[in-house]
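*Asks:* What follows is a predicted structure for the sequence shown.
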Amino acid sequence: MIREKWKVIGLSHYYTVKQLRPQRKGTRQLLALDRVSFSQSYGEIVGVIGGKGSGKSTLGAILLGKKPSEGLISGNSETGKALVLPDHRYDERTGESYTRQQLTKWGIPKKKIGETMEQILSFSELGGQFGVKMKHYSLSEKSQLAISLLLHVAPTVIYIDESLLQVKEHFYIKVFLFLEKLKELGSSIWIETEQVKRIETYCDRLIWLEFGQLKQHGNVTDVLTAYYDYYFQIKRLSLKEQQEFWEEGYQGQIEETLIEEPPETIEQSKVVALSQVEQEPVLEEPIEVEDQADTPVSESPSRRQRQPTKSNYNWLISLGLLGGLMGLAFFVLYPRLKATTQPILPQTGPVSSINSLDSTVSATSETLPVSLAEELPGTYRVKAGESLSDIAQALGISLADLQKWNQLTDYQIQPNQVLVTVPPIETAQEEPTIALADFNHTVKDGESLATIAETYQISLADLQAANQLTELTIYAGSQLSLPATAKAPEPEPAPVPSKEVEPVLPSAEHVVAAGDTLYSIARKYGVDVMAIQQANHLQTEQLSLGQVLHLP
Ligand SMILES: Nc1ncnc2c1ncn2[C@@H]1O[C@H](COP(=O)(O)OP(=O)(O)OP(=O)(O)O)[C@@H](O)[C@H]1O
C-alpha cells in the first residue's frame, strides 16, 4: 500500500497590509505564500527552513487548518497542534493549573487527565516549579512545559516553531527522542527554524521557502546544499546589494490594486474575502509595511512578473528555471493527485473538512476553486448559455462521462461552474501501484539494496541499473530511483502504541565510528542519551573515534 501523503497544490496566501499613504485608494496585499506545491509522507519529521518572513509560519498555520487564500491541501490535520508558549494572560496561573486547563480544552478524557499530568510533570523536569505561578517561570521553563504538554497529547500533526530553541541542550535531545516515538505512531512533525544547523540531524526531509515561494523540498543533504549555496551567494554581495536584494524580493511579494472609482468589482469582493481570512486567530498581528515608495505602482512589479534585474543575480535565474521545471512537473502530476485531494475554497467550507487520514475524495465540479481551475488542464469553466451537452460535444467526450466525472445527477450547470474534463485516476486502494511521485525510495538505517529490491518486488540488477550502481554500498538517507516495474510495498502493520521505542540492535557495547553522535547512538539502540552518558560516566557529549561505549 502506498503510504499516505500530504498533498499541497498551488497553495497561495495573501495578507491585506496597510496602505501607508492614505490618499492612495486601493488595496495592498502581501503574497505570503506563492503557489507552493509538494507532497510529503505522514510520519516524518520535516524541517521548514527559510529566511525571515519567508512564509514558514503561514505554511504551518495552513497545515494545522488555517484556510488558505487559494490552493488545495489534503493532510491529516484534524488533531493538529502547534507549540504555543503560555503568554502573559496566564501569568497568575500555576503550570499545573494551566496544564489541566489545556488538557481539558483539548478534550483529554477526565479520567486520563491525572495520569497525563504526571507524565507531563516528569517529562518537563519542572519539579516543584509546576505548582508555582507562571509569572515566575523563565523562558526555558515555559518552553519545557509547553513542549511537554504538546508531546503528551500526541497530535497527528505537530508544528514546532523557534520557541523550541529556548530549551536546554539535553532537553532538546530528549524532545527529539520523543518525537521519534510519535513519528512511529504516524504523527507528521513540522519544525520551523532559521537556524538550520540545530535541526538538520533530526529531520527526514526539509522544505525551504524564500519570499513565499518553495525553493526546494526533498532530502536533507540536497536541500541544504542548495540552501547554503544561496546564502553564500548573498553573503558575497556588498551590504548595499544585499539590502537591495531583500527589498526587491519583498516588494515582489506586494500586489497593489489601485481603485479610481469604487465600483463593485470582482477584485473588491476578493479583497473582502481575504480580509476576513486576516481575522483568523492563528497569525493575528497585522504588520506595518515599509513603503519605499515614491516608486509608482507600475514600477513595483507583481511577484508573478518579477525578474531579478542585476547581473549579480543571474544565478537566481537558474534557480527560477528549476522552479519552472518543478511547476511543469506539478501540472503533469496534477491529474493523479487530483483524484485523492479535496480542495479548499477560500470562502466556503470549514477547514476541518480537509481529508482525514484514510479518506479519498475526487475533485468535483462544485469544489474546485475557480482561480486554480482556470490554470489547470483537465478542467473547463462553464460560459453563460452553454449546456452540458454543448460542452461534452465541444470537448469530444460523452455526456454520460462528463456527468459521471463531475458527479452530476442531472444536466444542470451554472455559468462559471468548473467541470472536470478528464476521468478520475484510480486510487491507491483500488490499484496498488506506485504513484509517479513515489518512484524513489529514501534509504533507511539497516536497509540494503537487496532488502529494498525485495520490498518493491524487483530484481537487484534492475535496482542497480536504475541507479547506475556498480556496487552494493548504499547510505542511509540517500535517494534511490525505482524502476517502472516496482510494485507498491506490502502494507505496513498498523502501529501499536507502545511506551518504549523498540531497540533496533540490542548489544552490550558500541564502538564509536565516524559520524556517530550520542543522539544517533541512542536512537539506534532505542535508549536515552542521558542513560548512555551515565553508563559511561560521560560529562559531555564529546565522543572519540573507536571509543567503546557500554549500553545501558
Ligand atoms: N497577519 C498578517 N498580516 C499581514 N502580514 C503578515 C501577517 N502574518 C505574516 N505576515 C507577513 O507574511 C510574510 C510571511 O510571514 P510568516 O510569518 O509566514 O513568515 P516566517 O517565515 O514564519 O517569518 P519569521 O521567521 O520571521 O517568523 C511576512 O512578510 C510577514 O510579515
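*Replies:* That came in fine, so what should we check first?
*Asks:* Could you list the low-confidence segments of the stretch 251-400 of the chain?
*Replies:* Applying pLDDT under 70 to the stretch 251-400 of the chain flags the ranges 258-378.
*Asks:* burial count for the nearest residue to Lys110 once chain neighbours are set aside?
*Replies:* Closest residue in space to Lys110, ignoring its immediate chain neighbours: Thr104 at 7.9 Å, by C-beta to C-beta, 6 or more residues apart in numbering. Where you see a C-beta, it was placed from the backbone N, CA and C, and this is true even at glycine. Burial of Thr104 is recorded as 12 neighbouring residues (other C-beta atoms under 10 Å).
*Asks:* Retrieve the pLDDT associated with Thr104.
*Replies:* In this model, Thr104 is scored at 93, pLDDT.
*Asks:* Against Gln119, how distant is it?
*Replies:* Thr104 is 16 Å from Gln119, where distance means C-beta to C-beta, to the nearest Å.
*Asks:* got the contact list for Lys235?
*Replies:* Gln242 (C-beta atoms under 8 Å, 6 or more residues apart in numbering).
*Asks:* Going by secondary structure, the residue nearest to Lys110 is in what exactly?
*Replies:* helix 95-105 (DSSP states H and E).
*Asks:* what sits up against that helix?
*Replies:* Against helix 95-105 from outside (C-beta under 8 Å, 6+ apart): 86, 90, 93, 110, 113, 116-117, 120-121, 124, 126, 129-132, 134, 137, 141, 145, 149, 153.
*Asks:* hmm, 10 Å instead?
*Replies:* 81, 84, 86, 90, 93-94, 108-110, 112-114, 116-117, 120-121, 124, 126, 129-134, 136-137, 141-142, 144-146, 148-150, 152-153 (C-beta atoms under 10 Å, 6 or more residues apart in numbering).
*Asks:* Sitting in helices, which of those do you find?
*Replies:* Residues from those lying in helices, with DSSP state H as the criterion: 110, 112-114, 116-117, 120-121, 124, 141-142, 144-146, 148-150, 152.
*Asks:* Buried ones in stretch 180-200, by neighbour count?
*Replies:* 180-183, 186-193, 196, 198-200 (16 or more other C-beta atoms under 10 Å).
*Asks:* now do stretch 121-136
*Replies:* Leu121, Phe123, Ser124, Glu125, Leu126, Gln129, Phe130, Met134.
*Asks:* So how do I select the buried members of the contacts of helix 95-105 in ChimeraX?
*Replies:* Buried subset of these, written as a ChimeraX selection, criterion 16+ other C-beta under 10 Å:
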select :81,86,90,93,94,108,116,117,120,121,124,126,129,130,134,137,141,142,144,145,146,148,149,150,152,153
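*Asks:* contacts with the ligand among the contacts of helix 95-105, please.
*Replies:* Counting by C-beta under 6 Å from any ligand atom, nothing from those sits close to the ligand.
*Asks:* could you check the distance from the residue nearest to Leu395 when sequence neighbours are not counted over to the ligand?
*Replies:* Nearest-residue entry for Leu395: Thr421, 5.6 Å, with adjacent residues in sequence omitted and distances by C-beta to C-beta, 6+ apart. Thr421 is 35 Å from the ligand, where distance means C-beta to the nearest ligand atom, to the nearest Å.
*Asks:* count of residues packed around Thr421?
*Replies:* Thr421 - counted by other C-beta under 10 Å - has 19 other residues nearby.
*Asks:* Quick check: the gap between it and Ser74.
*Replies:* On the measure of C-beta to C-beta, Thr421 and Ser74 end up 21 Å apart.
*Asks:* Skip ahead from the longest strand anywhere in the chain and say which helix or strand is next.
*Replies:* Criterion DSSP state E: the longest strand present in the chain is strand 26-41. Of the helices and strands lying after strand 26-41 in sequence (DSSP H and E), the nearest is strand 45-49.
*Asks:* In that following strand, which residues are buried?
*Replies:* Ile45, Val46, Gly47, Val48, Ile49.
*Asks:* what's that strand packed up against?
*Replies:* Contacts defined by 3 or more C-beta pairs under 10 Å, 6 or more residues apart in numbering; DSSP states H and E place strand 45-49 against helix 56-63, strand 157-160, helix 169-184, strand 188-193, helix 196-199, strand 205-210, strand 213-219, helix 220-235.
*Asks:* domains of the chain?
*Replies:* For the chain, automatic domain parsing gives the domain ranges 1-80+156-357, 81-154, 363-420, 509-550.
*Asks:* Regarding stretch 402-409, how distant is the last residue from the first?
*Replies:* This stretch, stretch 402-409, spans 11 Å end to end (C-alpha to C-alpha, to the nearest Å).
*Asks:* I should have written stretch 127-144 there, sorry.
*Replies:* End residues of stretch 127-144 are separated by 12 Å (C-alpha to C-alpha).
*Asks:* Mind listing residues that contact that stretch?
*Replies:* With C-beta under 10 Å, 6+ apart as the criterion, stretch 127-144 contacts 83, 85-99, 117, 120-121, 123-126, 145, 163-168, 171-172, 174-175.
*Asks:* picking up where we left off before, among the helices and strands packed on strand 45-49, where is the model least confident on average?
*Replies:* Looking at the helices and strands packed on strand 45-49, the bottom one is helix 196-199 with a mean of 80.
*Asks:* is the ligand contacted by it?
*Replies:* No: on the criterion C-beta under 6 Å from any ligand atom, helix 196-199 is out of touch with the ligand, staying 12.5 Å away.
*Asks:* Could I get the CA-only coordinates of that helix as PDB?
*Replies:* The C-alpha atoms that make up helix 196-199 are tabulated as PDB, following Å, rounded to 0.1, in the frame of the first residue of the first chain:
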ATOM      1  CA  VAL A 196      19.300  25.000  10.200                       C
ATOM      2  CA  LYS A 197      22.300  23.600  12.000                       C
ATOM      3  CA  ARG A 198      20.300  22.900  15.100                       C
ATOM      4  CA  ILE A 199      17.700  20.700  13.400                       C
END
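*Asks:* helices or strands next to it in the packing?
*Replies:* Right, helix 196-199 is packed against strand 45-49, helix 169-184, strand 188-193, strand 205-210, helix 220-235 by 3+ C-beta pairs under 10 Å, 6+ apart.
*Asks:* Can the fourth one be said to contact the ligand?
*Replies:* No: among the residues of strand 205-210, none lie within reach of the ligand under C-beta under 6 Å from any ligand atom; the closest is 6.5 Å away.
*Asks:* Partner strands of that strand and their direction?
*Replies:* strand 45-49 (parallel), strand 213-219 (antiparallel) (DSSP bridges).
*Asks:* quick one, phi psi at Val153?
*Replies:* With angles defined as degrees, to the nearest 10, Val153 sits at phi -100, psi 0.
*Asks:* Distance of the residue nearest to it when sequence neighbours are not counted relative to Gly65?
*Replies:* Nearest non-adjacent residue to Val153, counting by C-beta to C-beta, 6+ apart: Trp106, 5.5 Å away. Distance from Trp106 to Gly65, counting by C-beta to C-beta: 14 Å.
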